[in-house]
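[1] output the structure for:
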Amino acid sequence: MPLSPIETPKDSYVADYPQAVKAAIAAQSVFWTAEELGVEKDEDDVRLNLTPGERHGLCVVQSIITQYELMIGGDELWGGKIQQLFPRHEIARACATFAFFELGVHAPFYDLINKTLHQATDEFYTAWRSDPVLAERIAFVEEKTASSDALEVTAALAFLEGAVLFSAFAFFKSFNVRGHNMLPHFVAGIDGSAKDENFHSQFSSWLFRQCREERIAAGNHTPEQDARLTQLIREMALQVYEHECRIIEMIFTQGGIRTITADEMRHFVRDRINLVLGYLGMKELFPERAGTVSEWFYTQLSTFKFSDFFAATQLQYRRDWRRHELKFDLEVAHAH
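    Sure, this is the predicted structure:
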């Protein structure tokens, strides 16, 4: 038996949760494609301007990211599980939009990067299976998506979309900030991906908060259950952090990375985890001020306009893009 209204099926197409409709429309309004970025134009930078250690770092980042997108956008989460947990038409619309971005935009974008790195092979795409650190990351996703509890799944998804991979995003973006001017087309797609993923994390967090509040109102979520849930989420946050740190170590094993340090990346992961905990309505885990990466990472994103975004990479636009900050209004959602 469903524990809350948002978990209860409804046949009518009348939307009880307009936040989900607005989220789908907002995501669609900033639609972009991998193919129009011109990723292949960065091949000279990869061959001539990156150190062996930097190329190694890119390959580490790319070794799992496409598989990750396929799982997030597939039946495991947006493409199936979330719609099953919240069987409402308006939520299915948002989920379908997010699933398309993961499968139809992000995964092809990372595939184009792999082709530019000359790594788009069956062996490269499956090499994570024999690497214990990367295999552990996929096992974490599989474990969390196997849960039948909507609160645990949406909390995990908020971290998967809002904290996991952001160290990789920072690594990519570091090549085009602080006086560095490399990989502009790679970074253009990373800006779009980071914007999308943060929005997806905010929406998953809204699902979590809405479901939790409705369960409490219905008498189906006790203070004891809430205490256990809070502890589970904080343990999840630590697990994400510890695993991100192991991947960061892999990125730096060959040295020679000039654009960012491992400490800066670890600090940024802590910043992102604190941010996601805030989205979920939880207290921060790491009591420290934002690090240096947070000072430059959001500069382009906070003034994000897709026409400017593509103009920066000297690409032609065939559509009339609307300016949109793609920000999910948690306050409005919370008040519903």
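[2] so which residues make contact with stretch 249-262?
    With contact meaning Cβ atoms under 8 Å, 6 or more residues apart in numbering, stretch 249-262 is reached by 51-54, 56-57, 60-61, 133, 170-171, 174-175, 177-178, 180, 248, 265, 293. Any C-beta I mention is one placed from the backbone N, CA and C, and that applies to glycine too.
[3] please redo it, this time with the cut-off set to 10 Å
    50-61, 63, 131, 133-134, 167-168, 170-180, 182-183, 245, 248, 265-268, 292-293 (Cβ atoms under 10 Å, 6 or more residues apart in numbering).
[4] where does this structure dip in pLDDT?
    300-336 (pLDDT under 70).
[5] now the residue with the largest distance to the centre of it: how far from Gln225?
    Going by Cα atoms, centre = their mean, the residue of the chain most distant from its centre is Gly219, 32.8 Å out. Distance, Gly219 to Gln225, using Cβ to Cβ, to the nearest Å: 11 Å.
[6] related to what we said a few turns ago, and the contacts of stretch 249-262, which of them are buried?
    Buried members of those, counted by 16 or more other Cβ atoms under 10 Å: 50, 53-54, 56-61, 63, 134, 167-168, 170-177, 182-183, 248, 265-268, 293.
[7] show me what contacts the closest residue to Thr230 other than its chain neighbours?
    For Thr230, ignoring the flanking residues on the chain, the nearest one in space by Cβ to Cβ, 6 or more residues apart in numbering is Met282 at 6.6 Å. Remark: with contacts taken as Cβ under 10 Å, 6+ apart, Met282 is in contact with 155, 205, 208, 229-230, 233-234, 237, 274, 276.
[8] widest-spaced pair of the residues you listed?
    Farthest-apart pair in the contacts of Met282 is Leu229 and Asn274; separation 18.4 Å (Cβ to Cβ).
[9] could you pick out the longest helix of this structure?
    helix 184-217 (DSSP state H).
[10] show me the contacts of stretch 249-262 that map onto helices.
    Per DSSP H, the contacts of stretch 249-262 map to helices at 52-61, 63, 133-134, 167-168, 170-173, 245, 248, 265-268, 292-293.
[11] for whichever strand or helix holds Trp296, packing partners?
    Element membership of Trp296, judged by DSSP states H and E, is helix 292-297. In terms of contacts (3 or more Cβ pairs under 10 Å, 6 or more residues apart in numbering; DSSP states H and E), helix 292-297 is packed against helix 166-173, helix 262-279.
[12] next, the buried residues of the helix or strand where Lys144 lies.
    In the assignment (DSSP H and E), Lys144 maps to helix 132-145. Residues 134, 137, 140-141, 144-145 are the ones in helix 132-145 that count as buried (16+ other Cβ under 10 Å).
[13] want to throw these into TSV with distance to Pro18?
    Shown next, in TSV, are these (distance: Cβ to Cβ, whole Å):
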residue	distance to Pro18
Leu134	40
Arg137	35
Phe140	33
Val141	30
Lys144	28
Thr145	27
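[14] all good on my end, thank you.
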